[in-house]
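Undergrad: sequence plus predicted model, see below.
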Amino acid sequence: MNAADSRFPVSERSNGALAARVRGSVHVIGAGLLGASVGLGLRERGVDVTLEDLSPTTVALAADYGAGRVRTSEDPEPTLVVVATPPDVTADVVERALAQYPAAVVTDVASVKLAPYLELVRRGVDLTNYVGSHPMAGRERGGAIMARADLFVARPWVVCRDHETPAEALAIVEAVALDLGATLIEMTPEEHDRSVGLVSHLPQVVSSLLAARLIPATEQAIGLAGAGLRDTTRVASSDPELWVQILGANRGPVVELLDAFARDLSGFADALRDPAQAGARRTIADLLSAGNNGVARIPGKHGSSERFTSITVLIDDTPGQLGRLLTELGELGINMEDLRLEHSPGAQIGFAEIAMLPEVAERAVTDLVERGWRTL
Ligand SMILES: NC(=O)C1=CN([C@@H]2O[C@H](COP(=O)(O)OP(=O)(O)OC[C@H]3O[C@@H](n4cnc5c(N)ncnc54)[C@H](O)[C@@H]3O)[C@@H](O)[C@H]2O)C=CC1
Ligand SMILES: O=C(O)C(=O)Cc1ccc(O)cc1
C-alpha cells in the first residue's frame with residue numbers, strides 16, 4: 001500500500017485487496033501494546049481509528065506511529081469500542097464505554113474473561129452490546145512503542161458470547177478480529193480462563209521461576225546457556241505488574257494447575273533422589289515421555305531435527321507465494337534443509353516452517369523481513 005492510498009477507505013481503493021469487513025469507525029481505549037496494535041492493523045485496512053488513553057503522551061505516541069487519531073467531540077459514535085486497558089480496570093472502562101456510546105458494540109481484550117464479566121453482571125450493567133474477547137497474541141513488553149500491525153495475524157482470537165448476545169454485536173467483533181488476520185474461537189468465559197490457565201498462565205509462572213533460579217549463578221555457568229534455556233525462559237521477561245493482575249484474576253484455575261505441577265515435580269525429584277529403587281527409572285522415563293507427547297500437541301511444533309533451526313514465515317494463501325519465498329531464500333544463499341507447510345483455518349494465511357543450519361537462521365530472518373516477509 002502506498003501513502004496516498006492510505007488516505008482513502010479501502011472500499012474506495014482501486015485494487016480493493018485489503019477491504020475491511022468492519023464498517024464505520026473503531027474507538028480504542030488504552031493505546032498501549034494491544035490497543036495501538038489493533039489501531040495499526042485496522043489503519044492498514046483504511047479503517048478510521050480513534051484513540052484514548054489515561055496518558056496523553058501514550059495517545060500522542062500511538063498516533064505518531066500511525067495507530068489512529070485523537071477523538072474529537074464532533075466525531076459520530078463509533079461502530080465498535082475496543083477496551084485495551086489493564087485487567088483490573090477493564091470492567092470500569094467497559095461500563096463507562098457502554099454508557100458513553102450506547103449505539104456502539106464494546107469489546108475488551110483483557111487476558112482474563114470471567115472476572116470482568118462477573119463484575120459487570122454484579123453491577124447490573126446491561127451487557128447487550130458487550131462481547132468479551134481475547135487475542136492470543138502479545139509481547140513481553142507493553143506500550144505503544146512495541147505495537148505491531150501484524151501482531152494478530154494467524155493467532156487465535158477468543159470471543160466470549162453470552163446466550164443473549166445479539167448476532168449483529170458478535171459479527172462486528174468478529175469482523176475486526178478477521179480484519180486483523182486472526183482466527184476466531186468461541187468459548188465461554190470459564191472455558192477461556194481454564195484454557196489460558198494451562199497454555200499461557202502456567203507457562204508464565206514456570207518460566208519466571210525457572211529464570212529466577214539463574215540469579216545466583218556464576219557468569220561462567222550462564223555463559224554455557226543455549227537455545228534450551230532461551231526457549232524455556234523467553235516469557236520470563238514479561239511485565240510483572242500486568243501478570244500480577246492476570247494471575248490474581250485467574251487464581252482458581254492457575255492454583256489448581258500449579259498444585260498438580262508441584263505434585264509432578266516432587267514425584268520426579270523423589271524418583272531421581274534414589275534412581276536405584278524399583279520403578280524409579282520408569283517414573284522418570286514416563287514423565288519425560290509424557291513431555292514428548294505433550295509437546296507434540298502444540299500447533300506448529302512437530303519435533304524438528306536437533307541439527308537444524310526452524311524459522312516460520314507467513315505466506316498469503318495465494319498462488320506463487322511459496323515459490324517466490326523459496327526463490328528468495330536461494331538468492332540469499334540460504335540452504336533449506338526441510339520444509340513444512342501449515343494452514344491456519346479461517347485466516348487465509350499459511351505458515352512455511354523452514355529448517356536450516358542454526359548459524360544462518362538469524363541472517364535469514366533479518367534478510368527476509370527486509371524484503372517484506374513476515375516471520376513468527
Ligand atoms: N501484553 C500482552 O502480551 C497481552 C495483553 N493482553 C491484554 O490487553 C490489555 C492491555 O495490555 P497491554 O496493551 O499489554 O498493556 P499496556 O500497558 O501496553 O497498555 C495499557 C494502556 O492502558 C492505559 N490505561 C490504563 N488505565 C486506563 C483507563 N482507565 N482508561 C484509559 N486508558 C487506561 C495505560 O495508560 C496504557 O497505555 C490487558 O488487559 C492485557 O491483559 C491481551 C493479550 C496479550
Ligand atoms: O508470547 C507468548 O507466548 C504469549 O503467550 C503472549 C501472551 C501474553 C498474554 C496474553 O493474554 C496472551 C498472549
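TA: Everything's here; your move. Ligands and ions are numbered 1, 2, ... in the order given.
Undergrad: do you have the helices of the stretch 101-250 of the chain handy? List them.
TA: 114-122, 167-179, 189-196, 202-212, 219-222, 227-233, 240-249 (DSSP state H, counting those that start in this stretch).
Undergrad: quick one: closest of those to Leu34.
TA: helix 240-249 (10.5 Å; Cβ to Cβ). (Glycine included, C-beta is placed from N, CA and C.)
Undergrad: what is the subsequent helix or strand relative to that closest one?
TA: helix 251-273 (DSSP states H and E).
Undergrad: would that following helix count as contacting ligand 2?
TA: No. With Cβ under 6 Å from any ligand atom as the criterion, ligand 2 is not reached by helix 251-273; the gap is at least 12.9 Å.
Undergrad: rewinding a little: can you redo the helices of the stretch 101-250 of the chain as CSV with mean pLDDT and distance to ligand 2?
TA: Formatted as CSV, the helices of the stretch 101-250 of the chain follow (pLDDT from 0 to 100; distance: least, Cβ to the nearest ligand atom, whole Å):
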stretch, mean pLDDT, distance to ligand 2
helix 114-122, 98, 13
helix 167-179, 97, 14
helix 189-196, 98, 7
helix 202-212, 98, 7
helix 219-222, 96, 23
helix 227-233, 94, 11
helix 240-249, 98, 7
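Undergrad: just send those back as JSON lines, with mean neighbour count too.
TA: Output for the helices of the stretch 101-250 of the chain, formatted as JSON lines (neighbours: other Cβ atoms under 10 Å):
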{"stretch": "helix 114-122", "mean neighbour count": "18"}
{"stretch": "helix 167-179", "mean neighbour count": "19"}
{"stretch": "helix 189-196", "mean neighbour count": "20"}
{"stretch": "helix 202-212", "mean neighbour count": "16"}
{"stretch": "helix 219-222", "mean neighbour count": "8"}
{"stretch": "helix 227-233", "mean neighbour count": "12"}
{"stretch": "helix 240-249", "mean neighbour count": "16"}
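Undergrad: CSV for the ones you listed, including distance to ligand 1?
TA: Converted to CSV, these look like this (distance: least, Cβ to the nearest ligand atom, whole Å):
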stretch, distance to ligand 1
helix 114-122, 9
helix 167-179, 13
helix 189-196, 9
helix 202-212, 10
helix 219-222, 26
helix 227-233, 16
helix 240-249, 6
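Undergrad: burial count for the residue of the stretch 101-250 of the chain at minimum distance from ligand 1?
TA: When scored by Cβ to the nearest ligand atom, the stretch 101-250 of the chain has Gly138 as its residue closest to ligand 1, at 1.8 Å. Residues near Gly138, counting by other Cβ atoms under 10 Å, number 20.
Undergrad: got it, and Val153?
TA: 19.
Undergrad: check Arg148 too.
TA: 16.
Undergrad: and the residue of the stretch 101-250 of the chain closest to ligand 1, how far is that from Pro240?
TA: 15 Å (Cβ to Cβ, to the nearest Å).
Undergrad: phi, psi of Arg374?
TA: Per-residue torsions, Arg374: phi -110, psi 130 (degrees, to the nearest 10).
Undergrad: tell me which element the spatially closest residue to it that is not a sequence neighbour is part of?
TA: Nearest residue to Arg374 in three dimensions, chain neighbours excluded: Leu314, at 4.3 Å (Cβ to Cβ, 6 or more residues apart in numbering). Assigned by DSSP H and E, Leu314 falls within strand 309-316.
Undergrad: what does the pLDDT read for the closest residue to Gly32 other than its chain neighbours?
TA: Among residues not flanking Gly32 along the chain, Gly142 sits closest, at 5.0 Å (Cβ to Cβ, 6+ apart). Confidence at Gly142, expressed as pLDDT, is 95.
Undergrad: got it, and Arg371?
TA: pLDDT, Arg371: 94.
Undergrad: again, but for Gly320
TA: 87.
Undergrad: what's the separation between it and Ala154?
TA: In terms of Cβ to Cβ, Gly320 sits 19 Å off from Ala154.
Undergrad: now Arg141
TA: Taken as Cβ to Cβ, the span from Arg141 to Ala154 is 21 Å.
Undergrad: okay, these two: which has more neighbours?
TA: The neighbour comparison of Arg141 against Ala154 (other Cβ under 10 Å) goes to Ala154, with 23 against 12.
Undergrad: thought the more buried one was touching Gln348?
TA: No. Ala154 lies out of contact with Gln348 (Cβ atoms under 8 Å); the separation is 9.4 Å.
Undergrad: can you get me a residue count around the nearest residue to Pro76 once chain neighbours are set aside?
TA: In space, and not counting its chain neighbours, Pro76 is closest to Ser25: 7.4 Å by Cβ to Cβ, 6+ apart. Close neighbours of Ser25, defined as other Cβ under 10 Å, add up to 21.
Undergrad: tell me the contacts of Ser25?
TA: Shown in contact with Ser25 (Cβ atoms under 8 Å, 6 or more residues apart in numbering): 47-50, 75-76, 78-79.
Undergrad: cool, Arg194 as well?
TA: Here Arg194 is in contact with Pro253 (criterion: Cβ under 8 Å, 6+ apart).
Undergrad: for the protein, what helix or strand is lowest in average pLDDT?
TA: Every helix and strand of the chain was ranked by mean pLDDT, DSSP states H and E. The lowest is strand 338-344, at a mean of 76.
Undergrad: for the helix or strand just after that strand, name the packing helices and strands.
TA: Heading C-terminal from strand 338-344, the first helix or strand you meet, by DSSP H and E, is strand 349-356. Judged by 3 or more Cβ pairs under 8 Å, 6 or more residues apart in numbering; DSSP states H and E, strand 349-356 is in contact with strand 309-316, helix 321-331, strand 338-344.
Undergrad: again, only using 10 Å
TA: Counting contacts by 3 or more Cβ pairs under 10 Å, 6 or more residues apart in numbering; DSSP states H and E, strand 349-356 is packed against strand 309-316, helix 321-331, strand 338-344, helix 358-370, strand 374-375.
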